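Peer 1: Predicted coordinates and the sequence they were generated for:
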Amino acid sequence: MKPPILSFVFLLLPAMFSSACNNSTKNVHNAPSAVIWQDDSTDTNNALMEQTLYTPRDSAEVVEILKKDLKSPDVLTLARHFVNRPYVAGTLEGNDPEKLVVDLRQLDCATLVETVGALIMTKRQGGDKFSDFCRNLENIRYRDGHINGYLSRLHYFSWWKRSNTQRGIVSEVKVADKFTVPLYINIHFMSKHSEKYPYLVAHPQEIDSIAAMERSSCGRDGGYIPKRFTSLSKTQLPEIQDGDIIAIVTSKQGLDYAHLGFAVWGKDSKLHLLNASMIYKKVVEDSTSLQDYLSKHKSFIGIRVFRF
């Protein structure tokens, strides 16, 4: 059985958008039906929206969330909105040329994080239009914040976190040095397994470009918190807050990170994970502590923490 294609390069790992359309659809995606943006004179992002794939249900839900009066909008509140939403991998794939896919109906661990991130950014900016959300989603998902073909998507989380930290979209949460160790990455999964990626199958000439990007990213990449320290309490890890992004580091050959979710401090004073789960086949706020979850997977060696 082939591993599913996820939004980032994650390998078969358990846990891991007012309608914009007017009257007709210009383009139809795979089921469930999706549409390309129809011109709206009240909006200023039409160039981007013409590259956006979504359903009326997605755009309506985004606007509803953006217009909801939250006295102090926070990441965890927005993430909890998606609890019980079905887990489906590969929703960004299969579009050639590349489209900005907005799909709130089904999520994987990466699209959950990106969707919540785009929502919190838009709310903080005071935006209330679907296109405001889409611009932020593009900014998060693509290199330098602009969609420019398949290679512009930040396929590895190490690419994603570097691009988004450099542009001030996320910041890394630093804990005490005694709780961290150096991280070295050696990514090559996409170029070595190009048959798993429909775009690379259709465009084999791009494999060398992917391989070159992979090679340029290898080496020392900061540090991480080994999983033995994820059992520490909130008092011992006060830097980590509810709603922070938890990125699970993996020792799997050719990969960098295995899974994503949001930090939740439980009533047991332990870290837990709100995530789109392959095991539960939906978005869940896991009752299992993060440390116990990591311990079940030998290749999960620790975590890094980031904040929108």
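Peer 2: On my side now, so go ahead. Residues are numbered from 1 along each chain as shown.

Peer 1: what ranges do the strands span in the chain?
Peer 2: Applying DSSP state E to the chain gives strands spanning 35-36, 52-54, 100-101, 171-172, 181-185, 219-226, 245-250, 257-265, 271-277, 282-285, 300-307.

Peer 1: Output the below-cut-off pLDDT ranges for the chain.
Peer 2: Scanning the chain for pLDDT under 70 picks out the ranges 1-7, 10-44.

Peer 1: And the strands of the chain: which comes nearest Lys234?
Peer 2: Smallest distance to Lys234 across those (C-beta to C-beta): 5.1 Å, for strand 257-265. To be clear about C-beta, it is placed using only N, CA and C from the backbone, and glycine gets the same treatment.

Peer 1: The closest one pairs with which strands?
Peer 2: Strand 257-265 sits in its sheet next to strand 245-250 (antiparallel), strand 271-277 (antiparallel), going by DSSP bridges.

Peer 1: Can you give me the distance of Leu137 to Phe300?
Peer 2: Applying C-beta to C-beta, to the nearest Å, the value for Leu137 to Phe300 is 28 Å.

Peer 1: More neighbours: the two, which one.
Peer 2: More crowded of Leu137 and Phe300, by other C-beta atoms under 10 Å: Leu137, with 26 against 22.

Peer 1: With mean neighbour count as added columns, please give the strands paired with strand 257-265 in a markdown table.
Peer 2: Shown next, in a markdown table, are the strands paired with strand 257-265 (neighbours: other C-beta atoms under 10 Å):
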| stretch | mean neighbour count |
| --- | --- |
| strand 245-250 | 26 |
| strand 271-277 | 26 |
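
Peer 1: okay, these in CSV with distance to His81 next?
Peer 2: Below are these laid out as CSV (distance: least, C-beta to C-beta, whole Å):
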stretch, distance to His81
strand 245-250, 16
strand 271-277, 11
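
Peer 1: and of those strands, who's closest to Arg80?
Peer 2: strand 271-277 (6.9 Å).

Peer 1: Give me the residues contacting the closest one.
Peer 2: 14-16, 76, 79-80, 82-83, 85, 87, 107-109, 111-112, 230, 237, 240, 246, 259-266, 282-291, 293 (C-beta atoms under 8 Å, 6 or more residues apart in numbering).
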